[in-house]
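Visitor: Prediction below, plus the sequence it came from.
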Amino acid sequence: MLKLLGASLIILAGTLSGMQLGGYLAHRPLQIRQLRTGFTLLETEIIYGSRPLPEALASISRRLTGSGALLFSRTAEMLAQEPEWPVSECWHSAVQQVWPKTALKGPEKEIVLQLGSVLGQSDREDQRKHIRLACANLEHEEASARDNQQRYEKMCRSLGVLSGILLVILLY
């Protein structure tokens, strides 16, 4: 009876780890899309809005969901709390705090940090160009993430179950 319970727990652990890895692959394209949406909203706020950047970022965070909203809200909070800090420093700090809670990888982080380093430092048209470049780069990363999801998500889930079964066979 104990062997059966142990075997069931091992298979369950393998299954859950496969599901978690598959979920990670599924969340990445969604989170990239959220960032692109946030950047598009930021472009609209910069070009057509006349609000200060902390208010614009807070407004964007209310319109988004997930990790994208968290990035914009954390940056807005930091800008409001520390008005003497440059925008790039607040953005970088917010990225460092939010990134571990996401399924995003290094290339997306680099794109987001590059955009943050130029925010608030030039005229509106230059800001628009940088935001559009970031959106184009994120679009490329999203396509790559979707391809990886289609290719590997089901495999990861299956391998989780199969690795649990294999471990049970090897142990018993």
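Guide: Thanks, I have it.

Visitor: Give me the distance between the residue of the chain positioned farthest from its centre and Gly164.
Guide: In the chain, counting by Cα atoms, centre = their mean, Met1 sits farthest out from the average C-alpha position, at 43.9 Å. Distance of Met1 to Gly164, computed by Cβ to Cβ, to the nearest Å: 19 Å. Heads up, the C-betas are built off the backbone N, CA and C, glycines and all.

Visitor: Tell me the confidence at the residue farthest from the centre of the chain?
Guide: Listed pLDDT for Met1 reads 85.

Visitor: Can you give me the separation between it and Ser8?
Guide: Met1 is 11 Å from Ser8, by Cβ to Cβ.

Visitor: again with Tyr48
Guide: Taken as Cβ to Cβ, the span from Tyr48 to Ser8 is 58 Å.

Visitor: Give me the contacts around stretch 29-43.
Guide: 56-57, 60, 63-69, 71-72, 102-104, 108, 112, 115, 127-128, 131-132, 134-135, 138-139, 141-142, 145-146, 149 (Cβ atoms under 8 Å, 6 or more residues apart in numbering).

Visitor: what about burial for these, which qualify?
Guide: 56-57, 60, 64, 66-69, 71-72, 102-104, 108, 112, 115, 127-128, 131, 134-135, 138, 141-142, 145-146, 149 (16 or more other Cβ atoms under 10 Å).
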